[in-house]
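Chemist: Please work out how this folds:
(chains A and B)
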Amino acid sequence: MLIEKYKDQIEKTLGKYPDRRSAVMPMLYLAQQEYGHITPEAMAEVAEICEMSVTQVRSLVGFYTMYYEKPKGKYLIQVCTDLPCALRGAEQFFEALKDYLGVEEGEVTPDGLFSIEQVMCLAACDKAPVMQINFSYCEGLDIDKAKAIIDDLRAGKSYTPAYRWRAAEHAHAGRKQGGKSKAEPEA
Amino acid sequence: MGRGAPHPKMKAGRDVAHIILRDLDIPDIWKFDVYVENGGYEGLKKAVTLTPDEVIEVVKASGLRGRGGAGFPTGVKWSFIPKDAETTYVAVNADESEPGTFKDRQIMEGNPHQLIEGALICAYAIRARAVYIYCRGEFWDLTHALDARIEEARAAGFIGENILGSGWSCEVYTHLGAGAYICGEESALLNSLQGLLGQPRVRPPFPAQKGGGLYYEPTVVNNVETLTNVPWIMVNGADAYRQFGTEQSPGVKVFCVSGHVNRPGNYELPLGTTFRELIYEHAGGILDDKGLKGVLTAGASAPILPGSAEVLDTPLTYEDVQKVGSSLGSASVIVLDEDTDMVWAALKMVRFFKHESCGKCTPCREGTFWMERVLSRIHRGEATEGDIDLLDEVAAQIKGKCLCALGEFALNPAAATIAHFRDDYARRVSGVPESTAELETQAPIEAPVAAGD
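Modeler: Got it, this is the predicted structure:
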């Protein structure tokens, strides 16, 4: 149960807001990290924590694109193919990467490692083509660089994004790692 | 690349350091100590020696306008907060999701304390008890790092109880969105923060009024870049800020340049810089020296402009861009070269709006659906001449009929490309050009926004 396992963190998050309901989004992220995706049971847990109905929680899960009701690969790859990136070849990049992984959009590779999908603008248009792996930026890519990252991940190496700020300092402790990661740190 | 760009040439013709993108001038200014060594938090210190109303007067006098897109005068917005309100809030709009916009991200990565300081000055001016920084979900790493920056400011006494001995107390929190463009619309953002569906509210009441803001209390919602200007204005004064820009559009702006240019990136320049200077000098001109076909000034949201000499010589100000038939918006300049198929570009943008429509207002929800359908048909070469007018008509029927600006934005890609590039459409209805047939070979973009599709 989230409320037992992450009691302190949940209390701290609830303390940010005058209304418990405001904590529903961070609670859904917590549930997603813990269970890998948002299960019906997780929605019930979140509903109880935030004093909402399960139906209300479910409506939010459906509304936002970053909550998943089905399992994804351990590494979720999201390629921006919106207009600014598409002007720099992102659509061809996406196709090539999808072929390299050997899956269709939205599917998980047989080894459970990868899912790939197209997403809308990621606010990194000057570094196209761009993708996120479990919500961390990989920028200024070409297909060879992207393949090399995939190969590293397949070989069990951890992925360290070339993130200017400080990735080293703030570690990626909270990022989704196929449901296996540590909980979201609260500063 | 843009992020290593030279200092902007300011109005006086001399090189001046950046006001916003100070990470380009000062290495590691994201660090608390470095920020403080370089004058950080002096604006807040000065603000608390003034009355809240005096702070608002300074911001009003500077002429600073909202950098998120609407361009509303910032000080005026702050002055709308009722003086007798017991509980007020500041919500920082860091939901940067407009295609072609990537400035707020650089600000929060490179110069985060200046945003925190600006938000605190705003909070002091409206006597807010809390600031919520609403970051788009994809800013996951950034937001966790921002939490660490907030803790540094708290440890130094800039956040918390009785800040700088002023008797005013304020907290600062981050809040992560989860993938919804609509949450960049201010009333949808407030709903999302409250754990409600991120859909716009009926106004009035406006966010600054009782009943319209966060938790229905008076609230200022400001964009990241807007607030990041404020510490500089507090320290240097309104007149100093007005030495940049024009009478109606004072100050500097971060221009995001993307698409077919040699040096895409963020360029902080005085408002009033022309498209020509931005695209050809700062961004290094068009890739492969091709011609310019069109420019989007505010991502996908504002009408596209043709790459004419008249447009190129237009100063990038709120007033001048409007005169040539578009809007400065968030100043996300997407450059399209002479080989761009505008039907394809319109289809990309219409798909974006179809995906991001929250589903609340019928004209936007249905209109984006039908525009996408007709445009796809045109793009596939299966349309007739009449479909172009049909598309134009569907777009026209959305106009003025939605609760928020997304609906208004959504009609622009189709309407403006038809207005300026009808030949591209005409070619499509008489057969598909070979070079641009790839879009339809892809799987359709997933649209998990339940209500929107």
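Chemist: neighbours around B:V36, how many?
Modeler: Neighbours of B:V36 under the rule other CB atoms under 10 Å in any protein chain shown: 16. Quick note: C-beta positions are derived from backbone N, CA and C, even for glycine.
Chemist: Quick check, pLDDT for it.
Modeler: B:V36 carries a pLDDT score of 98 in this model.
Chemist: per-domain residue ranges of the chain.
Modeler: All of this is about chain A. A:2-63, A:75-164 (automatic domain parsing).
Chemist: wrong one, I was asking about chain B
Modeler: Using automatic domain parsing, chain B is parsed into the domains B:22-242, B:252-337, B:342-441.
Chemist: how about the shortest one against chain A, any contact?
Modeler: What that stands for is domain B:252-337. Yes. On the criterion CB under 8 Å from any CB of the partner chain, domain B:252-337 is in touch with chain A at B:256-260, B:264-266, B:296, B:299-300, B:332, B:334, B:336.
Chemist: if we can go back for a sec, could I get the domains of chain B as CSV with distance to A:E69?
Modeler: Putting the domains of chain B into CSV (distance: least, CB to CB, whole Å) gives the following:
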stretch, distance to A:E69
domain B:22-242, 13
domain B:252-337, 28
domain B:342-441, 18
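Chemist: mind checking which helix or strand A:E91 is in?
Modeler: Here A:E91, judged by DSSP states H and E, is contained in helix A:90-101.
Chemist: Heading C-terminal from that helix, find the next helix or strand.
Modeler: Using DSSP H and E, the first helix or strand after helix A:90-101 is strand A:114-119.
Chemist: quick one: contacts for B:T384?
Modeler: B:T384 makes contact with B:V429 under the criterion CB atoms under 8 Å, 6 or more residues apart in numbering or on different chains.
Chemist: Could you give the backbone dihedrals for B:V131?
Modeler: Per-residue torsions, B:V131: phi -120, psi 130 (degrees, to the nearest 10).
Chemist: Just grab the bridge partners of it for me.
Modeler: Bridge pairing for B:V131 (DSSP bridges) gives the partners B:V90, B:V172.
Chemist: I'd like to know how far the residue nearest to B:M349 when sequence neighbours are not counted sits from B:A300.
Modeler: Nearest non-adjacent residue to B:M349, counting by CB to CB, 6 or more residues apart in numbering or on different chains: B:P413, 3.6 Å away. Distance from B:P413 to B:A300, counting by CB to CB, to the nearest Å: 6 Å.
Chemist: shared neighbours of those two, anything?
Modeler: B:349, B:353.
Chemist: any idea how far B:A383 lies from B:A240?
Modeler: Distance from B:A383 to B:A240, by CB to CB: 55 Å.
Chemist: what helix or strand is residue 150 on?
Modeler: Here I'm looking at chain A. In the assignment (DSSP H and E), A:I150 maps to helix A:143-154.
Chemist: Please refer instead to chain B.
Modeler: Per DSSP H and E: B:I150 is located in helix B:140-155.
Chemist: quick one: contacts for the residue nearest to B:M349?
Modeler: B:300, B:304, B:345-346, B:349-350, B:353.
Chemist: and if we set it to 6 Å?
Modeler: B:P413 is in contact with B:346, B:349-350, counting by CB atoms under 6 Å, 6 or more residues apart in numbering or on different chains.
Chemist: Which ones among these map onto strands?
Modeler: Among the contacts of B:P413, no residue falls in strands (DSSP state E).
Chemist: Give the PyMOL command for selecting the buried subset of those residues.
Modeler: Of the contacts of B:P413, the buried ones can be selected in PyMOL as follows, counting by 16 or more other CB atoms under 10 Å in any protein chain shown:
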select buried, chain B and resi 346+349+350
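Chemist: mind listing which of the contacts of B:P413 are in helices?
Modeler: B:346, B:349-350 (DSSP state H).
Chemist: just for the chain, where's the confidence low?
Modeler: Just going to use chain A. For chain A, the stretches with pLDDT under 70 are A:159-187.
Chemist: that's the wrong chain, I meant chain B
Modeler: For chain B, the stretches flagged by pLDDT under 70 are B:1-16, B:431-453.
Chemist: now the strands for chain A?
Modeler: Under DSSP E, chain A gives strands at A:75-80, A:114-119, A:131-133, A:136-138.
Chemist: residues from the stretch 1-150 of chain B in reach of chain A?
Modeler: B:2, B:96, B:99-100, B:102, B:105, B:109, B:137-138, B:140-141, B:144-145, B:147-148 (CB under 6 Å from any CB of the partner chain).
Chemist: one more time with 7 Å, if that's ok
Modeler: Neighbours of chain A within the stretch 1-150 of chain B, by CB under 7 Å from any CB of the partner chain: B:2, B:30, B:96-97, B:99-102, B:105, B:109, B:137-138, B:140-142, B:144-145, B:147-148, B:150.
Chemist: Can you say which of these are buried?
Modeler: Buried members of the residues of the stretch 1-150 of chain B next to chain A, scored by 16+ other CB under 10 Å, are B:2, B:30, B:96-97, B:99-102, B:105, B:109, B:137-138, B:140-142, B:144-145, B:147, B:150.
Chemist: ok, now which ones touch B:F139?
Modeler: B:94, B:105 (CB atoms under 7 Å, 6 or more residues apart in numbering or on different chains).
Chemist: Surely B:A125 and B:E57 touch.
Modeler: No. Between B:A125 and B:E57 there is no contact under CB atoms under 7 Å: 9.5 Å.
Chemist: Who has more neighbours out of these two?
Modeler: Applying other CB under 10 Å to B:A125 and B:E57 shows that B:A125 carries more neighbours, namely 27 against 17.
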